[in-house]
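Student: dropping a prediction and its sequence here:
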Amino acid sequence: MAISLDDLPIRDDLRGRSPYGAPTDKVPVALNVNENTHPIPEDVARDIVESVAKAVLEVNRYPDREFTELRESLARYLGHGIEAAGVWAANGSNEVIQQILQAFGGPGRTILGFPPTYSMHTIIASGTGTEWVSGQRDANFEISPATVVREIERADPDIVILCGPNNPTGTPLELATIEAAYNAARGIVLVDEAYAEFMPADKPTALTLLEGRPRLLVSRTMSKAFAFAGARVGYLAADPAVIDALRLVRLPYHLSSLTQAAAVAALRHAPEMLAMVDDIKGQRDRIVHVLTELGYEPYETWSNFVLFGGVDDPHAVFEQLLERGIIVRDLSIPGHLRVSAGTEAETGAFLDALRDIRLGA
Ligand SMILES: *Cc1c(COP(=O)(O)O)cnc(C)c1O
């Protein structure tokens, strides 16, 4: 007889847990995991392939364990006076976050987060044995400085994790809230800025707060704006001492030489790689506009997706869209669905299908 997970001597604190669950079915219009739906430009692809080809000739050797060239490239890309010594990278920002929890969380320690937020934050907490504590948000999923301070004083966490703009709601995160969190917390304050490039261009990010705040960490990813989700590259900006802490928990040579070569090549073409961001923001704003016309209630969003309420039966609408070859995200928030901004054609297909469904066509 086949045995199940429950029959295995798994850690007690992992019993009954669910793995990360975004469906991976191939659907013609995939607007469910906030990927950049635009392929990377062909000349950039060619440069990446050439760089990887060179690296392949040396894969008999371990890669640069300190991925120095990649950290220098990332520091240059980030600007704000950030230096390579204060930059770290891993196989996706999920791995960066896991390393942070390994170093600063773990058994007997707590992390305070603010649901609804990125589901991987709780999954990484459980994987590292860090106790998750849920903070309360204000109306419209916002977090005011007063609210963040109240929740930190209530929970006294070892780590505070804030997601700005927040996934799955798109909610902006004000710098005042981050500063208040930093001043109230005795431990690490991690800001997950996976969607920073989709913010209004004139709005400051948490990077501007790093100077003089050694417990503040800002994680980023090449998965979204950079159209690089399949390559698995995420990174962190923080005080160089924080980077030293991560060296204690990382596996040696965790970033392959192929990943390093591909990421360095992509960063050489940062403006081209980011050329689609404005287009995606335009599609996002178009979604907000049409959803409002259709009588739905989209939230303010600074990311490449839109959460909208006013959906009587989210599961039924999800299934009706799927029948039409379009997948969005049902996050089990009552009355809500989330959709990523696609290309102009994908966004049009989604909006047309939703209009048909809404009008009962
Ligand atoms: C997509 C996403 C990530 C990125 O994860 P990677 O491991 O870098 O692909 C991180 N944080 C949030 C909030 C996200 O939505």
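Tutor: Yes, it's here.
Student: where along this protein do the strands fall?
Tutor: Counting by DSSP state E, residue ranges of the strands within the chain are 29-30, 87-90, 110-113, 131-134, 159-163, 188-192, 216-221, 234-237, 297-298, 305-309, 326-327, 337-340.
Student: possible to save these as JSON lines with mean pLDDT?
Tutor: Listed next are these as JSON lines, based on pLDDT from 0 to 100:
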{"stretch": "strand 29-30", "mean pLDDT": "93"}
{"stretch": "strand 87-90", "mean pLDDT": "98"}
{"stretch": "strand 110-113", "mean pLDDT": "98"}
{"stretch": "strand 131-134", "mean pLDDT": "98"}
{"stretch": "strand 159-163", "mean pLDDT": "98"}
{"stretch": "strand 188-192", "mean pLDDT": "98"}
{"stretch": "strand 216-221", "mean pLDDT": "98"}
{"stretch": "strand 234-237", "mean pLDDT": "98"}
{"stretch": "strand 297-298", "mean pLDDT": "98"}
{"stretch": "strand 305-309", "mean pLDDT": "97"}
{"stretch": "strand 326-327", "mean pLDDT": "96"}
{"stretch": "strand 337-340", "mean pLDDT": "97"}
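Student: and of the ones you listed, who's closest to P271?
Tutor: Among those, strand 216-221 comes nearest to P271, with 16.8 Å by CB to CB. (Glycine included, C-beta is placed from N, CA and C.)
Student: near the ligand, which residues of the stretch 1-150 of the chain?
Tutor: N34, G92, S93, N94, Y118 (CB under 6 Å from any ligand atom).
Student: still on that earlier bit, can I get the strands of the chain in CSV including mean neighbour count?
Tutor: Listed next are the strands of the chain as CSV, based on neighbours: other CB atoms under 10 Å:
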stretch, mean neighbour count
strand 29-30, 20
strand 87-90, 26
strand 110-113, 23
strand 131-134, 17
strand 159-163, 26
strand 188-192, 27
strand 216-221, 26
strand 234-237, 24
strand 297-298, 17
strand 305-309, 23
strand 326-327, 24
strand 337-340, 26
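Student: mind listing the helices for the stretch 51-200 of the chain?
Tutor: Per DSSP state H, counting those that start in this stretch, the stretch 51-200 of the chain carries helices over the ranges 68-78, 93-104, 119-127, 145-155, 175-184.
Student: pLDDT (mean, whole number) over the longest one?
Tutor: Along helix 93-104, the predicted local confidence has a mean pLDDT of 98.
Student: how far does that helix sit from the chain's center?
Tutor: 13 Å (CA atoms, centre = their mean, to the nearest Å).
Student: just want the angle from it to strand 216-221.
Tutor: 150 degrees (axes from the mean of the first three to the mean of the last three CA atoms, to 10 degrees).
Student: which other helices and strands does helix 93-104 contact?
Tutor: Applying 3 or more CB pairs under 8 Å, 6 or more residues apart in numbering; DSSP states H and E, one finds that helix 93-104 contacts strand 87-90, helix 119-127, strand 159-163, strand 188-192, strand 216-221, strand 234-237, helix 240-247.
Student: go again with 10 Å.
Tutor: strand 87-90, strand 110-113, helix 119-127, strand 159-163, strand 188-192, strand 216-221, strand 234-237, helix 240-247 (3 or more CB pairs under 10 Å, 6 or more residues apart in numbering; DSSP states H and E).
Student: C-alpha coordinates for the fourth one, PDB please?
Tutor: Included here for strand 159-163 are C-alpha records, laid out as PDB according to Å, rounded to 0.1, in the frame of the first residue of the first chain:
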ATOM      1  CA  ILE A 159      11.800  40.000  12.600                       C
ATOM      2  CA  VAL A 160       9.200  42.300  11.000                       C
ATOM      3  CA  ILE A 161       8.400  41.600   7.300                       C
ATOM      4  CA  LEU A 162       6.700  44.200   5.300                       C
ATOM      5  CA  CYS A 163       5.800  43.800   1.600                       C
END
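Student: show me what that strand pairs with in its sheet, parallel or antiparallel.
Tutor: Partners of strand 159-163 in the sheet, by DSSP bridges, are strand 110-113 (parallel), strand 188-192 (parallel).
Student: make TSV out of those and add distance to F104.
Tutor: Shown next, in TSV, are the strands paired with strand 159-163 (distance: least, CB to CB, whole Å):
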stretch	distance to F104
strand 110-113	9
strand 188-192	5
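Student: quick one: contacts for the residue of the chain found nearest the ligand?
Tutor: Of all residues in the chain, G92 sits closest to the ligand, at 2.5 Å by CB to the nearest ligand atom. Residues near G92 by CB atoms under 10 Å, 6 or more residues apart in numbering: 98, 120, 194, 221-223, 228-229, 231-235.
Student: just flag the most distant two among the residues you listed.
Tutor: Q98 and F228 (19.0 Å).
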